[in-house]
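Enquirer: Everything below, folded, please.
(one chain, ligands or ions: 1)
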Amino acid sequence: ILSGAPEEAKAAAGELAAGLIASVVRAKPDAVLGLATGSTPLPVWSALARAGLDWSRVRGFALDEYVGLPAGHPESYRAVITREVVDTLGLTPSLVHVPGDDGGGIATAGARYEAAIAAAGGVDIQVLGIGRTGHIGFNEPGSSFASRTRVKTLTEATRADNARFFDTPGDVPRHCLTQGLGTILDARALVLLAFGEAKADAVAGAVEGPVSASLPGSAIQLHPEVTVILDEAAASKL
Ligand code: GLP
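Expert: A predicted model of the protein is given here:
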């Protein structure tokens, strides 16, 4: 839990998470990173960009993607990951994957993504934010802890939260492809970050609440290697 003014706490959180990721990349130059979108991980990417690492062989798998946006839409998670992570760090674009970006059909996109993660040897360290509904990736309440990458329907709360990125609320897609909770739990280490009062209930449920599909983030309690990095507001209900 990082104290201080919100922007300072975020920067310090980014440095902490970046330190964990950097040690993985130093030990394994072709490490497999689990990438996340959202505003929360931005300080992690900017701290990592200053770490002086060789990113050329590092591989990446994003957590999730919208279904139904036109190819190249600037708010597609493919575009967001390229802008915020690949370009910021200087990752090799062909080594970074987003669900459904391999040109195949949607019905088998989940199985193909799972196969690609397995072929890469699994995710070494997964960065996670958490949604107000307690979602990780786009695993909304009710998601099975055994779930794998698949198509899901977004809740209205999540669509409203993400409407700020689109011209009108109606433009927010209704469906997504997301790694399952089972996929996320297979990563060798998890780093979950959250900032701000709006996340306090979700954080308390994830960290201290009952392990329950009604709060998908609580799945992290089943993982042996988890680091949770919070500012005081996000930690205020612990
Ligand atoms: C999105 C993403 C999640 C993310 C969450 C929180 O819906 N699919 O992976 O953790 O929202 O976003 P933010 O970090 O911007 O609050």
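Enquirer: If you tally nearby residues, what's the number for the closest residue to residue 147 other than its chain neighbours?
Expert: Distances taken as C-beta to C-beta, 6 or more residues apart in numbering put residue 180 closest to residue 147, at 3.1 Å, once the chain neighbours are dropped. Where you see a C-beta, it was placed from the backbone N, CA and C, and this is true even at glycine. A count of nearby residues for residue 180, using other C-beta atoms under 10 Å, gives 23.
Enquirer: what's the answer for residue 53, then?
Expert: Counted with other C-beta under 10 Å, residue 53 comes out at 18.
Enquirer: for it, what are its contacts?
Expert: Contact analysis of residue 53 by C-beta atoms under 8 Å, 6 or more residues apart in numbering lists 22, 25-26.
Enquirer: By neighbour count, which of these wins?
Expert: residue 25 (21 neighbours).
Enquirer: what's the helix or strand hosting residue 200 packed up against?
Expert: Counting by DSSP states H and E, the element that carries residue 200 is helix 200-208. When contacts are defined as 3 or more C-beta pairs under 8 Å, 6 or more residues apart in numbering; DSSP states H and E, helix 200-208 packs onto strand 190-194, strand 226-230.
Enquirer: Quick check: which of the ones you listed is buried the most?
Expert: strand 190-194 (a mean of 25; mean count of other C-beta atoms under 10 Å).
Enquirer: who does it pair up with?
Expert: strand 125-128 (parallel), strand 226-230 (parallel) (DSSP bridges).
Enquirer: re earlier: the residue nearest to residue 147 against residue 143, yeah?
Expert: Yes - judged on C-beta atoms under 8 Å, residue 180 makes contact with residue 143 at a distance of 7.1 Å.
Enquirer: so where do the strands sit in the chain?
Expert: Remark: strands assigned in the chain by DSSP state E are 32-35, 59-62, 64-67, 96-97, 125-128, 150-153, 175-178, 190-194, 226-230.
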